[in-house]
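Model the structure of this input:
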Amino acid sequence: MSRIGAASPDAIVVGAGHNGLVAANLLVDAGWDVLVLEATGAPGGAIRSAQVTAPGYLSDLYSSFYPIGYASPVLRRLGLDQYGLRWRHAPDVLAHLLPDGRAAVLNRDPAATAASLETFAAGDGERWLAAYGDWCQVAGPMLDAITTPFPPVRSSLALVRRLRVAGALRLARRLVTPVRRLGDELFTGAGGTALLAGCALHTDLAPEEVGSGAYGWLLAMLGQQVGWPVPDGGAQRITDALVARLVDRGGQIRCGARVDRVLTARGRAMGVRAEDGVLWRARRAVLADVPAPALYLDLVGVDVLPPRLAADLANFRWDGSTLKVDWALSAPVPWRNRAVATAGTVHLGADLDGLTGYAAALARGEVPRDPFLLVGQMTVADPSHSPPGTESLWSYTHLPFRRRWRVEEIAAQVQRMEQVLEEAAPGFRALVVGRHVAGPADLESGDPSLVGGALGGGTSAAHQQLFFRPIPGLGRADTPVDRLFLASSSAHPGGGVHGAPGANAARAALARDAALTGGVYAAAVSAAQRAVYR
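Residues are numbered from 1 along each chain as shown. Below you'll find the model as predicted:
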């Protein structure tokens, strides 16, 4: 039997992942009364930490290194340092260890990075510095473009003014160039290309796919500019700061409150129903930090949606599944190549051709026999993660997207991952004093938004970006239901801990509710939605 919730806030935010918490914070800053309803027992989504391998060893359960989060204008404006968030850096940002034993090392000192790449090919050091110079010229407007609602008119105009038309055209070309081609154009040796391609493989894109160069260039250049920092004391500190800021300003969070329906009337979101039967009325808006299919198909229902939107959702593509392993080690990783020992993040197991083979296996729906590993040396980056003289280590690799995996399949791939590490660091296995395996189902169980262990809220492929995200439409947080906004990584600009989807949803909610212009805004959005979905 349903019952009415005790409060009727201005806004209800469904989901206390970082995007939901960002949206809630921006709304309380605007004077709104905000209630966040979280299905699990704790806020944070994929930004949480715990001791899961051995006593005294802290693991970041999902995400760890945050170059985009550190540089994000959205998070910077929240002033989370006032709520205890501090950042730490490993001595080296990133090392890509090639199968032949050589390592390309990215350091926050551009000269040090250049010196590493110079060992691969004469002149590649200068070529790296030139590529970094290109980035510095556009970094500010680029980050603004990434973290503001689509279309990013103001930042795009700033780029054109800065680069002129000719420069802007060449930047646009770089952003759509596959990372294999971009590496060939920028570098002569394997080191620089490896850094870019390894960064691109943080997404589900193959080195030959359109847009992979943009991701590789962005993450590598941010690493050069600001590093890949970690929160002092673990990823949980980001969540703790967002929660403390929200509560300090009067916002509320209820955990263990799973929403199973968005309540609508006459085409407008009126509130939500929780799984326990409680009905919560929202006076101004409902914002959903959940994947797009979950919002539209489960919480709203196809009977409320335009038929074409529901049909388009059938073509929504998830990014790959993920397998993550955390280890407690009794000593630092015994790398053959000691240049890797001081890097917070290590890319391991493949050169460029190996990355292509790995991505091809995933595209065929096969489990890669030779997995590419992203490795995090957490104690190197933040000594508080484990006792002195030890290491808290993690690694993840991608799998083909699938909701169900057999225990034997996961165990076999964990063995392959450990073999890759053993070959690069003989004696690694002998140092393991604790292990925690999180397969795709485990990741989804801990955070229901990580459907099938997909980390990005949907593929990073070009056909599901900008105004194609999450499906062909406006590329904005607005939905066909008035006063209902998509605030998750399924919305533009997608995955990553930068807070932009949450901020964009909050901005849209505020624009819709504006006293003088809200009606005009709603009419314009409604007209555009009809044109797209009729």
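
what are the ranges of the strands in the stretch 401-534 of the chain?
Secondary structure of the stretch 401-534 of the chain (DSSP state E, counting those that start in this stretch): strands located at 432-438, 484-486.

Walk me through which strands the longest one pairs with, and which way each runs.
Translated: strand 432-438. strand 321-329 (antiparallel) (DSSP bridges).

Just checking, which helix or strand succeeds the strand it pairs with along the chain?
strand 343-348 (DSSP states H and E).

and that next one, what does it pack onto?
The elements that strand 343-348 packs onto, with contact taken as 3 or more CB pairs under 8 Å, 6 or more residues apart in numbering; DSSP states H and E, are strand 92-97, strand 373-377, helix 378-381, helix 407-424. No exception for glycine: its C-beta is placed from N, CA and C like everyone else's.

Who does the first one pair with, and is each partner parallel or antiparallel?
In other words, strand 92-97. Using DSSP bridges, the strands paired with strand 92-97 are strand 103-106 (antiparallel), strand 343-348 (parallel).

got the CA positions of the first one in PDB?
Right, the one you point to is strand 103-106. Extracted C-alpha coordinates of strand 103-106, given in PDB (Å, rounded to 0.1, in the frame of the first residue of the first chain):
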ATOM      1  CA  ALA A 103      58.700   2.000 -21.000                       C
ATOM      2  CA  ALA A 104      57.400   5.400 -22.100                       C
ATOM      3  CA  VAL A 105      57.000   7.500 -19.000                       C
ATOM      4  CA  LEU A 106      54.800  10.500 -18.600                       C
END
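
which of the helices and strands packed on strand 343-348 sits most buried?
Most buried of these by mean neighbour count (mean count of other CB atoms under 10 Å) is strand 92-97; its value is a mean of 29.

mind listing what residue 15 touches?
Shown in contact with residue 15 (CB atoms under 8 Å, 6 or more residues apart in numbering): 36-39, 45, 288-290, 449, 487-488.

mind running it again at 6 Å?
Residue 15 makes contacts with 289-290, as judged by CB atoms under 6 Å, 6 or more residues apart in numbering.

pLDDT at it, what is it?
Looking at residue 15, its pLDDT reads 98.

you'd agree residue 158 is up against residue 141?
Yes. With contact defined as CB atoms under 6 Å, residue 158 counts as touching residue 141 (4.3 Å).

okay, the two: which has more neighbours?
Using other CB atoms under 10 Å as the criterion, residue 158 and residue 141 rank with residue 141 on top: 21 against 17.

residue contacts, the more buried one?
The contact partners of residue 141, by CB under 6 Å, 6+ apart, come to 155, 158-159.

Kindly report the same for residue 208.
Contact analysis of residue 208 by CB under 6 Å, 6+ apart lists 178, 180.

Please apply the same query to residue 270.
Contact analysis of residue 270 by CB under 6 Å, 6+ apart lists residue 263.

Am I right that it falls within a strand?
Yes. With DSSP: H, G, I helix; E, B strand; the rest coil as the criterion, residue 270 is part of a strand.

Can you spell out the domain ranges of this protein, please?
Listed domain ranges for the chain are 3-46+236-316+458-533, 68-76+84-231+320-446 (source: automatic domain parsing).

what separates the last one from the chain centre, distance-wise?
Read that as domain 68-76+84-231+320-446. 13 Å (CA atoms, centre = their mean, to the nearest Å).

Quick check: residue 182 is in a strand.
No. Assignment of residue 182 by three-state DSSP gives helix, placing it outside any strand.

Quick check: closest non-adjacent residue to it.
Sequence neighbours aside, residue 213 is the residue nearest to residue 182 in space, at 3.6 Å (criterion: CB to CB, 6 or more residues apart in numbering).

quick one: residue 394 and residue 375 touch, right?
No. In this structure, residue 394 is not within contact of residue 375 by CB under 6 Å, at 7.2 Å.

Are there residues contacting both of the two? Which ones?
The contact sets of residue 394 and residue 375 do not overlap (CB under 6 Å, 6+ apart).

what about the strands in the stretch 151-300 of the chain?
Assigned by DSSP E, counting those that start in this stretch, the strands in the stretch 151-300 of the chain fall at 230-231, 252-255, 259-265, 268-274, 278-281, 285-288.

Just put these in JSON lines and tack on distance to residue 521 and mean pLDDT.
Putting those into JSON lines (distance: least, CB to CB, whole Å; pLDDT from 0 to 100) gives the following:
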{"stretch": "strand 230-231", "distance to residue 521": "36", "mean pLDDT": "98"}
{"stretch": "strand 252-255", "distance to residue 521": "27", "mean pLDDT": "97"}
{"stretch": "strand 259-265", "distance to residue 521": "19", "mean pLDDT": "97"}
{"stretch": "strand 268-274", "distance to residue 521": "14", "mean pLDDT": "97"}
{"stretch": "strand 278-281", "distance to residue 521": "22", "mean pLDDT": "96"}
{"stretch": "strand 285-288", "distance to residue 521": "12", "mean pLDDT": "98"}
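
Tell me which of those strands sits nearest to residue 332.
Among those, the nearest to residue 332 by CB to CB is strand 230-231 (16.8 Å).

Provide the contact partners of that closest one at residue level.
Taking contacts as CB under 6 Å, 6+ apart, the residues outside strand 230-231 that touch it are 65, 88, 237-238, 381-382.

Those, buried ones only, as a PyMOL selection?
A single PyMOL command selects the buried members of those (16 or more other CB atoms under 10 Å):
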select buried, resi 65+237+238+381+382
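
what's the most distant pair in the contacts of strand 230-231?
Taking CB to CB as the measure, these span a maximum distance of 14.6 Å, between 238 and 381.

sorry, back to before: which of the strands of the stretch 401-534 of the chain sits closest to residue 362?
Proximity to residue 362 (CB to CB) singles out strand 432-438 among those, at 18.6 Å.

Can you tell me what sits against that closest one?
Applying CB under 6 Å, 6+ apart, the external contacts of strand 432-438 come out as 52-54, 324-328, 330, 414.

can you give me the end-to-end distance of stretch 40-49?
One end of stretch 40-49 sits 15 Å from the other (CA to CA, to the nearest Å).

what about residue 265, how many neighbours?
By other CB under 10 Å, the burial measure for residue 265, its neighbour count, is 8.

Could you list the low-confidence segments of this structure?
Along the chain, segments meeting pLDDT under 70 span 1-7.

returning to what we had before: can the contacts of strand 230-231 go into a markdown table with extra columns for distance to residue 390?
Shown next, in a markdown table, are the contacts of strand 230-231 (distance: CB to CB, whole Å):
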| residue | distance to residue 390 |
| --- | --- |
| 65 | 20 |
| 88 | 17 |
| 237 | 21 |
| 238 | 24 |
| 381 | 14 |
| 382 | 13 |
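
wait, what's in contact with residue 252?
Counted by CB under 6 Å, 6+ apart, residue 252 has contacts residue 35.

in the sheet, who's paired with it?
residue 35.

Tell me the spacing between it and residue 10.
Per CB to CB, to the nearest Å, residue 252 is found 12 Å from residue 10.

Kindly report the same for residue 470.
With the distance defined as CB to CB, residue 470 ends up 26 Å from residue 10.

higher neighbour count, these two?
Set residue 470 next to residue 10 and count neighbours by other CB under 10 Å: residue 470 wins out with 27 against 18.

picking up where we left off before, mind checking which of the domains of the chain is nearest residue 60?
Residue 60 sits nearest to domain 68-76+84-231+320-446 of all the domains of the chain, at 6.8 Å, using CB to CB.
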